[in-house]
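Trainee: pasting the sequence and the predicted coordinates here, then a few questions.
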Amino acid sequence: MATIAAESQQHEHQANVVLPDGRKVVDEVSGWLRVFDDGSIDRTWTGPPEALPLMQSVEPYAVPRDGHTLHDLPGEGEPDLRVYLPETKDAGRLPVIVQLHGGGFCISDPSWLMYHHFYARLACAVPAVVVTAQLPLAPEHRLPAQMDAGVDVLRRLRSIATSGAGTLDHPVAEILRSAADVSRVFLVGDSSGGNLVHHVAARVGEDGADVWAPLRVAGGVPIHPGFVRATRSRSELENTSDSVFFTLDMADKFLAMSLPEGATKDHPYTCPMGPNAPPLESVPLPPMLVAVAEKDLIRDTNLEYCDALRAAGKEVEVLVNRGMSHSFYLNKFAVDMDPTTGERTQELIDAIKSFVARH
């Protein structure tokens, strides 16, 4: 594994690349993203080809597979939604899991196989209606654009839930209206999506229950959230990345592209437990289940966030994924082929299922 300094030198060299059309690469996150001098962005994967299948989009299907169906609901001015509907014997309404995808606020698509295999499985295990949405990406759209989009997803769910039967103009919206219990919405976020869980939940809490009724955020599940400080934590200094999906250099560059201009990682968006953020005692949050990977580079700041929630009197449970690295459960190949990764993934699903059942 190259050192951070070596990786930075590599990026500096790559940033001098000039394409045949005359565009010059002015910034790059190796494998993931190139920024050109005309402001255009290229997110074509250029890393190890064996990782590419995890980034292939899964098409929707109305014929059940493995106990669920998958539907796309276009937005027409509102967020486009992707909906997982589990097959259940009970015809009652199901809780709703809203997935806020990761990717350092700069990359990712919720239709990718890496997300699909986990959230399809989670929908059936809970069981719950799982709703995902493509969030705006930086650097074209800096924070808080992603938080605004997360709130807009909830606003669309509320609008669907309060519509009369037969009044919606899309069959998937009608199915969602009849299947979803929006009084039990759970926000689940991967990596940077975990940051969004905190901030979107806080916004809903600040508005008050009357504004959002009948929709209620009943809980939040930040999974390996991207909470960091400007100063490296001990785990950032001592742990090593074993994945192309998360390195310190990658995290640094993505956050530089996504935080407001001039901000450091001590900004409340990335350090809600820091001195620049509102006191957590004053932040209205639902019960939280925070998943922390034992070998994660940002393990220590994740645990610091949990400790800060406890100190502020918030309801928080912590699941430590023993022996695992950042977002391990999204690697379908490892989940399927490595018994330990498969076991830890099942533990994560079981913990989320239990959390939803108790809230």
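Mentor: Received, thanks.

Trainee: quickly list the domain ranges of the chain.
Mentor: Following automatic domain parsing, the chain resolves into domains at 1-47, 51-357.

Trainee: where does residue 86 fall, phi/psi-wise?
Mentor: Main-chain torsions, residue 86, degrees, to the nearest 10: phi -80, psi 150.

Trainee: on the three-state scheme, the residue lying closest to it once chain neighbours are set aside is what?
Mentor: In space, and not counting its chain neighbours, residue 86 is closest to residue 127: 4.1 Å by C-beta to C-beta, 6 or more residues apart in numbering. All C-beta spots, glycine's among them, are computed from the backbone N, C-alpha and C. Here residue 127 is coil, with the state taken from DSSP: H, G, I helix; E, B strand; the rest coil.

Trainee: show me the contact partners of stretch 176-183.
Mentor: With contact meaning C-beta atoms under 8 Å, 6 or more residues apart in numbering, stretch 176-183 is reached by 73, 81, 83, 85, 92-96, 129, 131, 157-158, 160-161, 163, 165, 168, 214-216, 218.

Trainee: which elements pack onto the lengthiest helix in the chain?
Mentor: Assignment by DSSP state H gives helix 339-357 as the longest helix of the chain. If you count contacts as 3 or more C-beta pairs under 8 Å, 6 or more residues apart in numbering; DSSP states H and E, helix 339-357 packs onto strand 94-100, helix 113-125, strand 180-190, strand 217-223, strand 288-293, strand 316-321, helix 332-337.

Trainee: by contact count, what packs against the helix or strand following the second one?
Mentor: The C-terminal neighbour of helix 113-125 among helices and strands, as given by DSSP states H and E, is strand 129-133. Contacts defined by 3+ C-beta pairs under 8 Å, 6+ apart place strand 129-133 against strand 81-86, strand 94-100, helix 113-125, helix 145-161, helix 171-179.

Trainee: deepest-packed of the ones you listed, please.
Mentor: strand 94-100 (a mean of 25; mean count of other C-beta atoms under 10 Å).

Trainee: how big is the angle separating that one from strand 129-133?
Mentor: With axes from the mean of the first three to the mean of the last three C-alpha atoms, to 10 degrees applied, the angle from strand 94-100 to strand 129-133 works out at 20 degrees.

Trainee: so, low pLDDT: which residues of this structure?
Mentor: Low-confidence segments of the chain, defined by pLDDT under 70, span residues 1-16, 91.

Trainee: can I get the helices and strands packed on strand 129-133 in CSV with distance to residue 246?
Mentor: Formatted as CSV, the helices and strands packed on strand 129-133 follow (distance: least, C-beta to C-beta, whole Å):
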stretch, distance to residue 246
strand 81-86, 24
strand 94-100, 17
helix 113-125, 12
helix 145-161, 18
helix 171-179, 33
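
Trainee: nearest to residue 344, of these?
Mentor: Residue 344 sits nearest to helix 113-125 of all the helices and strands packed on strand 129-133, at 12.3 Å, using C-beta to C-beta.

Trainee: could you export that closest one as PDB, CA atoms only?
Mentor: Presented in PDB, the C-alpha positions along helix 113-125 are these (Å, rounded to 0.1, in the frame of the first residue of the first chain):
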ATOM      1  CA  LEU A 113     -24.600  -3.800  -7.200                       C
ATOM      2  CA  MET A 114     -22.700  -3.100  -4.100                       C
ATOM      3  CA  TYR A 115     -25.700  -1.300  -2.600                       C
ATOM      4  CA  HIS A 116     -28.300  -3.500  -4.200                       C
ATOM      5  CA  HIS A 117     -27.200  -6.800  -2.800                       C
ATOM      6  CA  PHE A 118     -27.200  -5.500   0.800                       C
ATOM      7  CA  TYR A 119     -30.400  -3.400   0.700                       C
ATOM      8  CA  ALA A 120     -32.400  -6.000  -1.100                       C
ATOM      9  CA  ARG A 121     -31.400  -8.500   1.600                       C
ATOM     10  CA  LEU A 122     -32.200  -6.000   4.300                       C
ATOM     11  CA  ALA A 123     -35.700  -5.300   2.900                       C
ATOM     12  CA  CYS A 124     -36.500  -9.000   3.200                       C
ATOM     13  CA  ALA A 125     -34.900  -9.500   6.500                       C
END
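
Trainee: show me what it packs onto, helices and strands only.
Mentor: strand 68-73, strand 81-86, strand 94-100, strand 129-133, helix 332-337, helix 339-357.

Trainee: what's next to the last one, contact-wise?
Mentor: Residues external to helix 339-357 that are found in contact with it (C-beta under 8 Å, 6+ apart): 95, 97, 118, 121-122, 125-126, 128, 184, 186, 188, 219, 221, 223, 287, 289, 291, 317, 319, 321-324, 328-329, 331, 334-336.

Trainee: distance from it to the middle of the chain?
Mentor: Taking C-alpha atoms, centre = their mean, to the nearest Å, one finds helix 339-357 lying 17 Å from the centre of the chain it belongs to.

Trainee: which of the residues in it are buried?
Mentor: Neighbour-count burial for helix 339-357 flags 341, 344-345, 347-349, 351-352, 355-356 (criterion: 16 or more other C-beta atoms under 10 Å).

Trainee: that concludes my questions; thank you for your assistance.
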